[in-house]
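> Generate coordinates for the sequence data below:
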Amino acid sequence: MRIQDLAQLSTRMFKTNPLRTWLTILGMGVGTGAVVVLVGLGFGLQQIILEQIVFGETLLSLGVSSTGSQGLRLTPETVLDFEKNEAVLDAAPLARFPALVTYKGLTGNVFVQGVEPPYLRYAGVTAVAGDVFLEEDLGDTNSIMISPATLKLFGIPDEEMDNFIGEKVSIRLLVPADDGTENVNEIVIDKEYRVRGISKEEGVLNIMMMLPELRNYVGIEEYERIQVRVDSNENLPLVETKLIEEGYRVTALSKTVEQASKIFQGIQAVLATFGGIALIVSAIGMFNTMTVTLLERTKEIGIMRTIGASPNDVKYLFVSESVVVGFLGGVSGILMGVTLGVTVNLFLNIVAGQFGGQAVKLFAFPFNFLAFITIFSAAVGYLTGIFPARRASTLNPLDAIRYE
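All right, here's what the predicted structure looks like:
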């Protein structure tokens with residue numbers, strides 16, 4: 001049978017039984033749409049979480065801190081030792097001191113962190129409002145970044161973060177005394193700092209300033225943390241293992257991303273299972289339709305066989321019909337699922353905008369996933385049609401002609 005003839009005969013059902021055909025496609029579409037919506041929800045949740053993580057250099061850096069054992073300390077000499085490793089491109093330290101911050105007569109306890117721009121890149125520190133420190137800001141002696149939790153000390157709500165950019169605060173450092181006691185010296189910084197950015201670090205009371213500026217007021221002999229930038233993903237576990245063997249505590253954001261991805265893969269599998277139940281129900285309905293179609297066209301099959309059609313021609317005809325229905329069911333399911341997801345995303349963004357929240361995409365539909373669903377739907381159509389097709393191809397032509 002020619003491909004042209006096969007195409008015409010396999011789509012003849014749209015003329016002979018249009019209502020039943022389109023209802024069958026719609027049934028497949030509902031099942032496929034359920035899979036698309038539920039798995040799209042899993043992709044959306046994964047995207048929302050991973051968007052909070054800055055990729056690039058962040059995934060190639062290691063956070064190193066001291067465990068307090070073996071007399072290990074993070075000092076300027078430690079930074080130089082880390083950089084001697086051929087697989088390490090850079091090591092950026094962070095110094096931290098308790099402090100008091102004052103804004104319009106209100107004072108609260110925070111931690112002042114002295115950092116350099118590379119540390120912010122390696123640690124993935126970003127701003128929800130304003131700007132982060134850049135390389136050209138290394139000599140900035142008048143600006144700071146603060147965390148959202150610090151704003152709450154002064155009663156500033158989240159929706160007014162942007163208005164706080166440019167405000168000025170004063171800082172007093174609390175430095176341990178050198179006499180070996182628990183006494184604390186208060187170092188008053190006789191100037192005000194302008195807020196240039198608000199970080200995404202929720203739940204921490206801290207203020208960030210440039211490390212050289214912090215050194216102007218206090219001697220820094222030990223760091224709180226060092227971000228080590230590794231040259232490649234292949235060397236990342238090697239450097240991590242070496243640092244752990246030396247007694248340091250090491251954290252890698254790449255592992256967090258990997259674990260999060262595995263968790264969301266499990267979530268997507270569970271959601272796909274629930275959607276698959278609806279797809280199975282639709283496939284059963286399609287199988288029933290193809291079986292009824294076989295009974296209705298038994299006499300037609302007999303005529304085709306007597307005028308020269310082979311058993312394979314009959315089988316290909318039924319299989320092609322079921323593949324067409326499955327394919328169109330997949331396409332319609334994708335249209336329904338994506339339309340529903342986009343509508344929900346739009347509604348949530350409108351609501352978030354009215355209440356001062358952040359816009360999010362609760363549903364995400366990667367192109368590769370949609371392409372897979374299309375192929376999978378056609379495969380389901382093939383599987384549901386193969387049994388009726390085989391049965392049709394084995395009918396006796398004379399018996400088929402006499403069938404009423």
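> Now do I334, the pLDDT please.
Per-residue pLDDT puts I334 at 92.
> mind checking the SS state of it?
helix (DSSP: H, G, I helix; E, B strand; the rest coil).
> wait, it sits on I375?
No - counting by CB atoms under 8 Å, I334 stays clear of I375, with 11.5 Å between them. Backbone N, C-alpha and C define where each C-beta goes, glycine included.
> Comparing the two, which residue is more hemmed in?
With other CB atoms under 10 Å as the criterion, I334 and I375 differ in neighbour count, and I334 comes out ahead with 23 against 11.
> Tell me who's in contact with that one.
Going by CB atoms under 8 Å, 6 or more residues apart in numbering, I334 touches 32-33, 36, 370, 373-374.
> ok, it to D140 distance?
Applying CB to CB, to the nearest Å, the value for I334 to D140 is 51 Å.
> Give me the pLDDT for the most centrally placed residue in the chain.
The residue lying closest to the centre of the chain (CA atoms, centre = their mean) is Q47, at 2.3 Å. Q47 is assigned a pLDDT of 76 by the prediction.
> Give the other helices and strands that the one helix or strand it maps to contacts.
Per DSSP states H and E, Q47 falls inside helix 18-50. Where contact means 3 or more CB pairs under 8 Å, 6 or more residues apart in numbering; DSSP states H and E, helix 18-50 is packed against helix 13-16, helix 253-296, helix 311-354, helix 367-393.
> Make JSON lines from the ones you listed and add distance to P93 to it.
Below are the helices and strands packed on helix 18-50 laid out as JSON lines (distance: least, CB to CB, whole Å):
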{"stretch": "helix 13-16", "distance to P93": "71"}
{"stretch": "helix 253-296", "distance to P93": "18"}
{"stretch": "helix 311-354", "distance to P93": "38"}
{"stretch": "helix 367-393", "distance to P93": "42"}
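> Quick check: which of those is nearest to R121?
Closest approach to R121 among these is made by helix 253-296 (12.1 Å; CB to CB).
> Distance across stretch 148-166, terminal residue to terminal residue?
When the termini of stretch 148-166 are compared using CA to CA, to the nearest Å, they are 15 Å apart.
> Please spell out which residues along it are buried.
Neighbour-count burial for stretch 148-166, counted by 16 or more other CB atoms under 10 Å, picks out 148-151, 153-154, 156, 161, 164.
> Switch those over to CSV; also include pLDDT and secondary structure.
Listed next are the buried residues of stretch 148-166 as CSV, based on pLDDT from 0 to 100; DSSP: H, G, I helix; E, B strand; the rest coil:
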residue, pLDDT, secondary structure
P148, 90, helix
A149, 89, helix
T150, 90, helix
L151, 90, helix
L153, 87, helix
F154, 87, coil
I156, 87, coil
M161, 85, helix
F164, 90, helix
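> Out of the residues you listed, which is nearest to N349?
Looking across these and measuring by CB to CB, the closest to N349 is M161, at 19.0 Å.
> Would you confirm that that closest one contacts S147?
No - contact criterion CB under 8 Å: M161 and S147 do not qualify, at 10.8 Å.
> shared neighbours of those two, anything?
Residues touching both M161 and S147 (CB under 8 Å, 6+ apart): I198.
> circling back: biggest separation within the contacts of I334, which pair?
For the contacts of I334, the farthest-apart pair by CB to CB is G33 and T374; their separation is 12.6 Å.
> from the buried residues of stretch 148-166, which single one is nearest A127?
Nearest member of the buried residues of stretch 148-166 to A127, counting by CB to CB, is M161, at 9.7 Å.
> picking that back up, can you pull the residues that touch both of I334 and I375?
In contact with both I334 and I375: no residue, using CB under 8 Å, 6+ apart.
> just to revisit the earlier point, adding distance to V360, write the buried residues of stretch 148-166 out as TSV.
Listed next are those as TSV, based on distance: CB to CB, whole Å:
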residue	distance to V360
P148	18
A149	22
T150	25
L151	22
L153	27
F154	28
I156	23
M161	17
F164	23
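> any idea whether E186 is helix, strand or coil?
Counting by three-state DSSP, the backbone at E186 sits in strand.
> contacting residues for it?
100, 172-175.
> Highest neighbour count among these?
Highest neighbour count within those: L173, with 18 neighbours (other CB under 10 Å).
> Just to be sure, that residue is in a helix?
No - looking at L173 with three-state DSSP, it is strand, so not inside a helix.
> what sits against the nearest residue to it once chain neighbours are set aside?
Distances taken as CB to CB, 6 or more residues apart in numbering put I187 closest to L173, at 4.2 Å, once the chain neighbours are dropped. Going by CB under 8 Å, 6+ apart, I187 touches 172-175, 217-218.
> and those as TSV, adding distance to G275 and pLDDT?
TSV is the format used below for these (distance: CB to CB, whole Å; pLDDT from 0 to 100):
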residue	distance to G275	pLDDT
R172	58	93
L173	57	92
L174	56	89
V175	59	87
Y217	60	91
V218	59	89
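> residues near the nearest residue to S282 once chain neighbours are set aside, how many?
Closest residue in space to S282, ignoring its immediate chain neighbours: G31 at 3.2 Å, by CB to CB, 6+ apart. Other residues near G31 come to 26 when the count uses other CB under 10 Å.
> related to what we said a few turns ago, between G33 and T374, who's got more neighbours?
Between G33 and T374, G33 has the larger neighbour count (other CB under 10 Å), namely 28 against 17.
> how far away is the more buried one from L335?
On the measure of CB to CB, G33 and L335 end up 8 Å apart.
> Same check on I146?
Counting by CB to CB, the gap from I146 to L335 is 47 Å.
> higher neighbour count, these two?
Between I146 and L335, counted using other CB under 10 Å, I146 has the larger neighbour count: 29 against 14.
> how about the residue lying closest to that one once chain neighbours are set aside, what does it touch?
For I146, ignoring the flanking residues on the chain, the nearest one in space by CB to CB, 6+ apart is I207 at 5.2 Å. Neighbour list for I207: 99, 101, 110-113, 144-147, 150, 169, 171 [criterion: CB under 8 Å, 6+ apart].
> For the host helix or strand of I207, what does the pLDDT average out to?
Element membership for I207 (DSSP H and E) is strand 206-210. Averaging pLDDT along strand 206-210 gives 93.
> Alpha carbons only: can I get it in CSV?
Extracted C-alpha coordinates of strand 206-210, given in CSV (Å, rounded to 0.1, in the frame of the first residue of the first chain):
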residue,chain,number,x,y,z
ASN,A,206,24.4,41.3,59.2
ILE,A,207,25.9,44.3,57.5
MET,A,208,28.5,43.9,54.8
MET,A,209,31.3,46.5,54.1
MET,A,210,34.5,46.3,52.1
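> That'll do, ta.
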